[in-house]
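Engineer: no sequence on hand, only this structure:
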């Protein structure tokens, strides 16, 4: 039984609210990555985080929304992708491609991306959130007009890099899975650069 | 209880064996497409086809193998992909891209491709069979040496077209999902043509 009221948001929020929020997100991310999206319920996350399920729903809405918030706020994925856009404009393609595939190969973020992709493919409500989740932090670093353009371009480059990631990490097609990362980056970077330049 | 011996293959096979094989494949494809791969058991297929589960395993091996055989033999997918490789060499990219996306949009094969892709993503044993399944009929139409080369090239073109299909039909990213088919073909065909030309 939760002692916290979740029906009103008072201006003077109690100390501990932000800690609770962080605990829920960290617990959720860990459980989703371990067990998969379908097998992890909001109730189980609440139990593990020692809070009331109603509080989780109050903070984060649906399970899909909790998942995307946990990925964006608590994993390195969205932050790293946004970082890739920093730096000289003429090498942004290379940075984006290298960052994306490094995240898939990183022992910390790789399993999460596998879960993220598998969950998005099998859950109709999560599916349309997959790409926005990857680029969620992009909007923090530019004016609204700039970030809208960057976001559109980044979205257009997605099929290019996602198709290779699926063949390499999910379907494990030998000729694509065995290509050294540097060769893969050298091959894809110019294509992505052209798309990002519009 | 099946009256058919499945432990020996006699030279004089009984009339009806090939009909039984066809019935099992048709039943399997229909059930997989309707219910999904995970929710369809060999036992349920056998029951629906009115044969012994042991006979299904004898003919087709694992559920994964039954699925790929059903898709290759009983759906239009592999046959249409192979057909796309027939005709003038300088327009093979366009034929391949148009055929692939038409299969995704066809009300008969579209749902099957959705099931096929979702199943391959979530089943580790099925995953490596996804691309070979698409191109399974290619080998029927060329010498071994030729078909090996064509198959390698076709495999290398897969990330390009698969990435767009995932973004368009699974993640339904608006800017990619709403592109008219003719524009999409015009955009991707030259890229795929270059890959197929090696």
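Structural biologist: Happy to help now that I have it. The shown structure was predicted, so the numbers you read here are calculated from the model rather than taken from an experiment.
Engineer: going forward, measure contacts between C-alpha atoms and count neighbours the same way
Structural biologist: Will do.
Engineer: and the helix or strand bottoming out on mean pLDDT in chain A with helix B:144-165, angle?
Structural biologist: Across the helices and strands of chain A, the lowest-confidence element by mean pLDDT, DSSP states H and E is helix A:144-165, at a mean of 87. Using axes from the mean of the first three to the mean of the last three CA atoms, to 10 degrees, the inter-axis angle of helix A:144-165 relative to helix B:144-165 is 150 degrees.
Engineer: briefly note if helix A:144-165 comes near chain B.
Structural biologist: Yes - applying CA under 8 Å from any CA of the partner chain, one finds helix A:144-165 touching chain B at A:156, A:158-164.
Engineer: which of the residues you listed has the most neighbours?
Structural biologist: Greatest neighbour count in the residues of helix A:144-165 next to chain B, by other CA atoms under 10 Å in any protein chain shown, goes to residue A:164: 26 neighbours.
Engineer: quick check: that one touching residue B:160?
Structural biologist: Yes - in this structure, residue A:164 is within contact of residue B:160 by CA atoms under 8 Å, at 7.4 Å.
Engineer: quick check: which ranges of chain A have low pLDDT?
Structural biologist: A:1-17, A:140-145 (pLDDT under 70).
Engineer: up against chain B, what does it have?
Structural biologist: So chain A meets chain B at A:118, A:120-122, A:127-131, A:156, A:158-164, A:166-167, A:170-173, A:175-176 (CA under 8 Å from any CA).
Engineer: repeat that for 10 Å
Structural biologist: A:114-115, A:117-132, A:152, A:155-168, A:170-176 (CA under 10 Å from any CA of the partner chain).
Engineer: tell me how chain A divides into domains.
Structural biologist: A:17-73, A:76-197 (automatic domain parsing).
Engineer: residues in contact with the residue in chain A that chain B sits nearest to?
Structural biologist: The nearest approach of chain A to chain B comes at residue A:163, 3.6 Å away (CA to the nearest CA). Counting by CA atoms under 10 Å, 6 or more residues apart in numbering or on different chains, residue A:163 touches B:157-167.
Engineer: hang on, the earlier thing: got CSV for the residues of helix A:144-165 next to chain B, with distance to residue B:83 too?
Structural biologist: Output for the residues of helix A:144-165 next to chain B, formatted as CSV (distance: CA to CA, whole Å):
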residue, distance to residue B:83
A:156, 30
A:158, 29
A:159, 25
A:160, 25
A:161, 28
A:162, 27
A:163, 23
A:164, 25
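Engineer: for whichever helix or strand comes after the least confident helix or strand of chain A, buried residues please.
Structural biologist: Next in sequence after helix A:144-165, counting helices and strands by DSSP states H and E, comes helix A:174-177. For helix A:174-177, a neighbour-count test (16 or more other CA atoms under 10 Å in any protein chain shown) marks A:176-177 as buried.
Engineer: show me how far helix A:174-177 is from its chain's centre.
Structural biologist: With CA atoms, centre = their mean, to the nearest Å as the basis, the distance from the averaged C-alpha position of helix A:174-177 to the chain average is 25 Å.
Engineer: so what touches it?
Structural biologist: For helix A:174-177, using CA under 10 Å, 6+ apart, the contacting residues are A:164-171, A:184, B:128, B:152, B:155-156, B:158-159.
Engineer: quick one: which of those is nearest to residue B:89?
Structural biologist: Taking CA to CA as the measure, residue B:89 lies nearest residue B:152 of these, at 16.1 Å.
Engineer: wait, doesn't that closest one sit right on residue B:197?
Structural biologist: No - counting by CA atoms under 10 Å, residue B:152 does not reach residue B:197; the two are 11.3 Å apart.
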